[in-house]
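Novice: What shape does this take:
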Amino acid sequence: MISWLHYVRHIDVPVYEANGWRFASDLGSTHGAYSILMIWAGEGSPSPRQSPTAERDARA
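Specialist: Numbers count the residues shown, from 1 in each chain. Reported below is the predicted structural model:
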């Protein structure tokens, strides 16, 4: 079994949860205003972590 950690913006949490990611840690009052730490554990690697807002952010 392998575990992956990833910083996830609050807006993207439902997408990650749907792909099997779980809450791992709050990031405190400064960075926690923007994101949380999530974990995925299993065999192989997690589902693609493409955010629904990634395309929009790439154009900015």
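Novice: hey, let's count contacts and neighbours off CA atoms from now on
Specialist: Fine.
Novice: Please enumerate the strands of the protein.
Specialist: Assigned by DSSP state E, the chain shows strands spanning 2-9, 22-26, 35-42.
Novice: Now those strands in JSON lines, please, with extra columns for mean neighbour count, distance to residue 16 and mean pLDDT.
Specialist: Shown next, in JSON lines, are those (neighbours: other CA atoms under 10 Å; distance: least, CA to CA, whole Å; pLDDT from 0 to 100):
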{"stretch": "strand 2-9", "mean neighbour count": "14", "distance to residue 16": "8", "mean pLDDT": "91"}
{"stretch": "strand 22-26", "mean neighbour count": "14", "distance to residue 16": "8", "mean pLDDT": "95"}
{"stretch": "strand 35-42", "mean neighbour count": "18", "distance to residue 16": "8", "mean pLDDT": "93"}
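Novice: Serialize these to TSV and add fields for distance to residue 15.
Specialist: Converted to TSV, the strands of the chain look like this (distance: least, CA to CA, whole Å):
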stretch	distance to residue 15
strand 2-9	10
strand 22-26	11
strand 35-42	12
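Novice: Would you mind stating the distance between residue 36 and residue 43?
Specialist: Counting by CA to CA, to the nearest Å, the gap from residue 36 to residue 43 is 23 Å.
Novice: Also residue 2?
Specialist: From residue 2 over to residue 43 (counting by CA to CA), the distance is 6 Å.
Novice: do the same with residue 14
Specialist: 22 Å.
Novice: got it, and residue 26?
Specialist: The value you get for residue 26 to residue 43, if CA to CA is used, is 25 Å.
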